[in-house]
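S.K.: Fold the following, please.
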Amino acid sequence: MNDTRKTAVIIGASRALGLGLAAELLRRDWNVIGTVRGSRRTGLHDLAEASAGRLTVESVEMTDPEQLSALRDRLAQRALDLLFVNAAITRGDTPIGEVPTATFTEVMITNALSPMRVVEGLGPLVAPTGTIGVMSSDQGSIALNTEGGQDLYRASKSALNQLMRCYAARHADDTRTLLLMDPGWVRTELGGPDAELSVEESVPGVAETIERHQGKPGLHFLDYQGQAVPW
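M.R.: Numbers count the residues shown, from 1 in each chain. Okay, here's the model as predicted:
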């Protein structure tokens, strides 16, 4: 019998929000391909073992173009309904004038350039009715930045948003849904222990928003409750 389940690729699914989204999509009867960095065992491997074959683990270093190209080759024969890029780093709350050049470069490559390389490279594998999404943040919103702080992280997410806007403009006739997702302030290593939401509180809303917007072409900047986020 043919498997009629939808298939998602989640880049950066070893822990926290990425792992939570993989588990949530499995609960919603998707097949999932999740990526990890390197060969170290992660929670994603445990989830795969309990998934009855519906979760596949791939290894890729997102910042390495050659590894991304190899991953594309491995996935070339798969029919994808969702490509979702969940990867970001922060390097502390330092005023931008004090940020070392190497740190600025590292954060921008990881948070903005590399996700877009994934979108450009793997996006063509997504079905015309599918969705391409990246994990953004309300900290990438210029309109909402009234308090400052987290200069470099904010700038990297704003850059990601702008680059997705460029992608959408270049592909104005694309029938796929493009999503910038704000998961809310979540208690992860990046969000910190004082954040408002647990992964379990954020992720179902992220998944619901992804599913509800399937078939709605164009670029949407939305939060985990499905509400529009100001740019």
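
S.K.: Quickly note the distance from E61 to A70.
M.R.: Going from E61 to A70 by C-beta to C-beta, to the nearest Å gives 10 Å. No exception for glycine: its C-beta is placed from N, CA and C like everyone else's.

S.K.: Same check on T146?
M.R.: 44 Å.

S.K.: between the two, which one's more packed in?
M.R.: Neighbours were counted for T146 and for A70 using other C-beta atoms under 10 Å; A70 has more, 14 against 5.

S.K.: For the more buried one, give its distance to T35.
M.R.: Counting by C-beta to C-beta - A70 and T35 are separated by 12 Å.

S.K.: what sits in contact with each of those two?
M.R.: V60 (C-beta atoms under 8 Å, 6 or more residues apart in numbering).

S.K.: Pull out the buried residues from the longest strand that the chain contains.
M.R.: For the chain, the strand with the greatest residue count under DSSP state E is strand 126-135. The neighbour-count check on strand 126-135 (16 or more other C-beta atoms under 10 Å) flags V126, G130, T131, I132, G133, V134, M135 as buried.

S.K.: how many neighbours does the residue nearest to A76 when sequence neighbours are not counted have?
M.R.: Distances taken as C-beta to C-beta, 6 or more residues apart in numbering place L125 nearest to A76, at 6.9 Å, with adjacent residues excluded. By other C-beta under 10 Å, 18 other residues sit near L125.

S.K.: Contact partners for L125?
M.R.: L125 touches V9, R72, L75, A76, R78, L80, L83, counting by C-beta under 8 Å, 6+ apart.

S.K.: swap in S114?
M.R.: M62, T63, A87.

S.K.: where's the second one relative to T56, distance?
M.R.: From T63 over to T56 the distance is 22 Å, taken as C-beta to C-beta.

S.K.: Compare those two (neighbour count), which wins?
M.R.: Shown here are T63 and T56; by other C-beta under 10 Å, T56 has more neighbours (18 against 15).

S.K.: Quick check: phi and psi on the more buried one?
M.R.: The phi and psi torsions at T56 (degrees, to the nearest 10) take the values phi -110, psi 140.

S.K.: Torsion angles phi and psi at the closest residue to it other than its chain neighbours?
M.R.: Excluding its sequence neighbours, the residue lying closest to T56 (C-beta to C-beta, 6+ apart) is I33, at 4.8 Å. Note on I33: its backbone torsions stand at phi -110, psi 110 [degrees, to the nearest 10].

S.K.: for I33, which residues make a bridge with it?
M.R.: V9, T56 (DSSP bridges).

S.K.: Good, wrapping up.
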